[in-house]
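Visitor: One predicted model, sequence on top.
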Amino acid sequence: MLKTIMVVDDDDAMRDNLEDILKEEGYVIYSASTCAEALQIAAEIHPGVALLDLKLPDNSGMSLLGGIKQVAPDCMCALMTAFADVDSAVAALEKGAFHYLQKPVRPIELLNLLQRIFETVQIREEKRSAEERLKESERRFRTIFESAQDAIYLKETDLKYTLVNPVMERIYGIGAAAFIGRTDHELFGPQVGGQSQTTENRVLKGEIIEEEEVRWIGGSQKIFHSIKVPLSGSNGNIYGLCGFARDLTATRRLEAQLLQAQKMEAIGTLAGGISHDFNNLLQAILGYTQILLLEKKNDHPDIDKLKEIEKAAQRATGLTRQLLAFGRKVEIESRPVDINLVVRQVENLLRRTIPKMIHIELRLSEPILTVVADAGQMEQVLLNIAVNARDAMPDGGTLIIETANVDPDEDFRKINLKGGSGAYVLLSVSDTGHGMSGETLERIFEPFFTTKKPGQGTGLGLAMAYGIVKNHHGHITCQSGSGTGTTFKIYLPAININAEPEKKAPDDPIAKGQGETILVIDDEPYLRSLAQEMLTGNGYRVLTAASGEEGVLLYRQQGYGIGLILLDLIMPGMGGKQCLAEILKLNPRAKVLISSGYTMVSPDEDPVLIRARAFVSKPYNFRDMLQRIRSLLAEEC
């Protein structure tokens, strides 16, 4: 600290004497003989100390004292006079003087005074610096406290809040003033208050506690990651605690959705993996049944039995497709759909199938926005949910199906709709049944999970609904509670075009062959026999090959006379893809129809498979297959 002193005295000898004494002690000296000169120096230099003669030619030292305090407020002033009295000393101190010296000034007295003055100045500067540091620390704390993304709060040893940040206010919907001076017991009731008190009493004994807390706020369950630490003074005594709470509700919801998606993916992968063999078996069952139905007259005693077998095989085919749908392993046939029309069609079916003691109520918004969807799959979603509702109302009740145009808020879009923009159609299905517990609700969309007795349910209905909705880029939620009924809400993205009603074309007559040769390449003997019987019975000549290698060899030998190749995709050795590539090398214009029970590959995404003329999934309907073959043969090469 630079020790500067201004000496103000009109006595030149006195002034020079003081300068000599003070300079020897290392002080920096500025001198003035008048009030005007002194005020100018004070304004420019801001000396640490001013020694003022009480009587000056242009004014009094007392007046000068006031002027110096205005231009240099931190300057410490001491008055000097040969005519000292008590009243003058008191007046000087009241004006802000630090001390009063009597002339002639004794050097030792002056130096002791200056030492005390500069010690006081140092203490004052240190205090001021500490205060500034404290203010800066408080500003930083306040900035962090108020801008933090987590809730932060302080409590005293009586567990009453002393400070809360804006996040705390936002989470609970309570202003800061309502928190201050109150406990959790007073704010949130005995249950929450009791839990908090137990934990926080441990913190006040010195523990740092980290835990997850579940609280109900505004009717919604919130999950918080909480850290509570004790606050102690320099003496080590704990005087309160600080708590941090991070809202994990959205994170936990996303984790649950990810886990659910992973489960669906696993089941879908499993379903896709077994679909090849399963669909081949269904093809044999369905195919031979349809051949027998074509061969027998309508009055044959086995006709009804064969039709039941055909229906069962078709239902099994539908079940396989649904399994693949919720695993996203099958393509959906999307088109613009009026969801209200889908609901009305499902209503007609439900009125014939569910007990009459269950009342069906429709609440459909008109006009409803159009969605892009597979109408058949959306019907399946509604039916599966309706069956679940039926089972929840064994003694009767009400089933409500509603539609509405909605514009979800930004938070809902980010968490549930992957940030999708635009309007959505909300499809809600509610029942007045017995509802579900929280444990059941957490697993409601799990494949094969069911609370029904063995033989009364597969546990696939709601899992399929979940998968179908996700496959349509939508979102499905379920709200329920024991004794409160259940509501499913389905959000589907809307488009700005009108849906046109689907027109069902009448069945065409069976397309007959005209003696063309068809090469059937399949590793399953029963499927080769089935295809041969189907085709030869409808006017075609058939060649068969049990492998890709054999098929290529046959085509190399007789390709000029083969009109179409019916090719299986998955075979040991040379698979269907390689076989197709080899045949196209022999004849780039060869007509190849791929028929496969394997669903994991999309032909449109494969540079080799896309060169096939068509792709038909097994099991296929004979009438449809014969029509497809006839159309391909009619095409120009």
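Guide: Noted; the coordinates are in hand.

Visitor: When you work out contacts or count neighbours from here on, use the C-alpha atoms and nothing else.
Guide: Noted.

Visitor: Not counting sequence-adjacent ones, nearest residue to Tyr620?
Guide: Spatial nearest neighbour of Tyr620, excluding adjacent residues (CA to CA, 6 or more residues apart in numbering): Gln283 at 6.7 Å.

Visitor: So that neighbour lies in a helix, does it not?
Guide: Yes: the assignment for Gln283 is a helix, going by DSSP: H, G, I helix; E, B strand; the rest coil.

Visitor: Now do the contacts for it.
Guide: Shown in contact with Gln283 (CA atoms under 8 Å, 6 or more residues apart in numbering): Leu527, Lys618, Pro619, Tyr620.

Visitor: Assign a three-state SS to the last one, would you?
Guide: To tie it back to what came earlier, the one meant is Tyr620. Quick answer, by three-state DSSP: Tyr620 is coil.

Visitor: Could you give the number of residues near it?
Guide: Neighbour count for Tyr620, taken as other CA atoms under 10 Å: 20.

Visitor: now swap in the second one and tell me
Guide: Neighbours of Lys618 under the rule other CA under 10 Å: 23.

Visitor: so who does it touch?
Guide: Asn279, Asn280, Leu282, Gln283, Ser595, Ser596, Gly597.

Visitor: In this structure the third one contacts Ala313, no?
Guide: The one in question is Leu282. Yes: using CA atoms under 8 Å, Leu282 is in contact with Ala313, at 6.3 Å.

Visitor: ok, back up a step: from Glu210, how far out is the residue nearest to Tyr620?
Guide: 59 Å (CA to CA, to the nearest Å).

Visitor: do the same with Ile217
Guide: Ile217 sits 21 Å away from Glu210, going by CA to CA.

Visitor: and these two? which has more neighbours close in?
Guide: More crowded of Ile217 and Glu210, by other CA under 10 Å: Glu210, with 15 against 12.

Visitor: Under a three-state scheme, what state does that one occupy?
Guide: Under three-state DSSP, Glu210 comes out as strand.

Visitor: How about Val616?
Guide: Applying three-state DSSP: Val616 is strand.

Visitor: residues contacting the residue nearest to it when sequence neighbours are not counted?
Guide: Closest residue to Val616 apart from its sequence neighbours, by CA to CA, 6+ apart: Ser595 at 4.8 Å. By CA under 8 Å, 6+ apart, the contact list for Ser595 reads Leu566, Leu567, Asp568, Leu569, Phe615, Val616, Ser617, Lys618.

Visitor: Would you convert the residues you listed into TSV that also reports pLDDT?
Guide: Below are those laid out as TSV (pLDDT from 0 to 100):
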residue	pLDDT
Leu566	94
Leu567	94
Asp568	91
Leu569	88
Phe615	88
Val616	86
Ser617	83
Lys618	83
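
Visitor: Next, format those residues as CSV and append distance to Phe118.
Guide: Formatted as CSV, the contacts of Ser595 follow (distance: CA to CA, whole Å):
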residue, distance to Phe118
Leu566, 107
Leu567, 104
Asp568, 102
Leu569, 98
Phe615, 99
Val616, 100
Ser617, 99
Lys618, 101
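
Visitor: Just the buried ones among these, please.
Guide: Of the members of these, the ones counted as buried by neighbours, 16 or more other CA atoms under 10 Å, are Leu566, Leu567, Asp568, Leu569, Phe615, Val616, Ser617, Lys618.

Visitor: Spatially, and excluding backbone neighbours, which residue is closest to the fourth one.
Guide: The shortest distance from Leu569 to any non-neighbouring residue, by CA to CA, 6+ apart, is to Gly576 (4.0 Å).

Visitor: Look up how far Ile594 lies from that neighbour.
Guide: 8 Å.

Visitor: follow-up on the earlier one: please give the element, helix or strand, for the residue nearest to Val616.
Guide: Secondary structure from DSSP states H and E places Ser595 in strand 592-596.

Visitor: I'd like to know the average pLDDT value across that strand.
Guide: For strand 592-596, mean pLDDT is 89.

Visitor: Stretch 160-178 too?
Guide: The model assigns stretch 160-178 a mean pLDDT of 90.

Visitor: any chance you could map the strands in the stretch 401-550 of the chain?
Guide: Along the stretch 401-550 of the chain, the stretches classed as strands by DSSP state E, counting those that start in this stretch are 424-431, 475-480, 486-495, 517-521, 541-545.

Visitor: Tell me how many other residues surround Arg352.
Guide: Arg352: 9 neighbours (other CA under 10 Å).

Visitor: cool, Trp216 as well?
Guide: There are 12 residues near Trp216, going by other CA under 10 Å.

Visitor: That one against Phe224, yeah?
Guide: No: Trp216 lies out of contact with Phe224 (CA under 8 Å); the separation is 11.0 Å.

Visitor: At the geometric centre of this protein, which residue sits there?
Guide: The chain has Ile415 as the residue nearest its centroid, 3.5 Å off, counting by CA atoms, centre = their mean.

Visitor: for it, what are its contacts?
Guide: Per CA under 8 Å, 6+ apart, neighbours of Ile415: Ala250, Leu254.

Visitor: Look up how far Arg252 lies from it.
Guide: Taking CA to CA, one finds Ile415 at 11 Å from Arg252.
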